[in-house]
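Trainee: Just to be clear, the model below is a prediction. Sequence and coordinates:
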Amino acid sequence: TQDQLIRSEKLSIAGQLAAGIAHEIRNPITTIKGFLQLLEVNEKNVKYINILEGEVNKIEQISNEFLILSKPHLENRKDQNIVELIEGVTVLLQPQAVNKNIGIQTTYESQNIIVNCDDMKIKQVLINLIKNAIEAMENGYITIKLKETSHHVIIYITDEGHGIPKERLTELGKPFFTTKEKGTGLGLLVCYKIIEDHHGTIVVESEEGKGTTFTISLPKT
Ligand code: ADP
Ligand code: MG
């Protein structure tokens, strides 16, 4: 109907504005970060400089996530070996995991599972989910499993973290929903959008005090 049309148009203008602002914010942030590095750090100001750096990083992350969200559909779909994508991401996140005494274990049914996808975007999804897993844990294992059916690839990411209370599950993926002091609450929203753009699904199961599993199902073509 006309009313709906107008509303979705308004939404896209709001989306465009948000993306524009996110983009414009990047240059001044780069300048601020640059000058922060030049400041002489001493006993008196180290605390404030750390706070400034933390806050600037947060602004930067919010604007990066906004930019991902505002990008239209998939531009770069290619046949990709999903095993390689996962391996690349785990190597990247290894330092953060090791820092917290966390091991990342991967099991694949085969070394070559091809999915037609935008590799940068799927990497982003994996990074966001594994980072959340690391942030939810103090030590233990993150397990990544890969399964193949005739038309789909299923990725399971399981952590042994603090879990998510039942009543909070429906909040996941809502813009700005976060329980972290330094969170943006945009990471899962980004994941949901990217998986939706791939016509896949993403499901979360969690038990408080035991851990959480995110299950991504992607059509192979
Ligand atoms: P952020 O990480 O910036 O808080 P996200 O959208 O990535 O934003 O996640 C939103 C919230 O969902 C987190 O703040 C956390 O409360 C919850 N969450 C996400 N993943 C997990 C997980 N693996 N274990 C426990 N809680 C999680
Ligand atoms: Mg996150």
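Mentor: Arrived safely, thanks for sending. Ligands and ions are numbered 1, 2, ... in the order given.

Trainee: Need the residues that contact whichever strand or helix holds Val190.
Mentor: According to DSSP states H and E, Val190 maps onto helix 187-197. If you take CB atoms under 8 Å, 6 or more residues apart in numbering as the criterion, helix 187-197 is touched by 65, 68-69, 73-74, 118, 121-122, 124-125, 128-129, 131-132, 172-175, 177, 201-202, 216, 218. Yep, even glycine has a C-beta here, placed from its N, CA and C like the rest.

Trainee: isn't Glu135 right up against Glu181?
Mentor: No. Look at Glu135 against Glu181 with CB atoms under 8 Å: they stay out of range, at 10.8 Å.

Trainee: Which one's more surrounded, these two?
Mentor: When Glu135 and Glu181 are compared for neighbours, Glu135 comes out ahead with 17 against 7, by other CB atoms under 10 Å.

Trainee: Assign that one to helix, strand or coil.
Mentor: In three-state terms, and counting by DSSP: H, G, I helix; E, B strand; the rest coil, Glu135 is helix.

Trainee: which other helices and strands contact the longest helix seen in the chain?
Mentor: For the chain, the longest helix by residue count, based on DSSP state H, is helix 2-38. Packing contacts for helix 2-38, counted by 3 or more CB pairs under 8 Å, 6 or more residues apart in numbering; DSSP states H and E, involve helix 46-70.

Trainee: What is the subsequent helix or strand relative to the helix it packs on?
Mentor: strand 77-81.

Trainee: So for that following strand, what gets flagged as buried?
Mentor: Buried residues in strand 77-81, defined by neighbour count with 16 or more other CB atoms under 10 Å: 77, 80.

Trainee: could you give the angle of that strand to helix 187-197?
Mentor: Angle, strand 77-81 to helix 187-197, by axes from the mean of the first three to the mean of the last three CA atoms, to 10 degrees: 100 degrees.

Trainee: Direction included, what does strand 77-81 pair against?
Mentor: strand 114-118 (antiparallel) (DSSP bridges).
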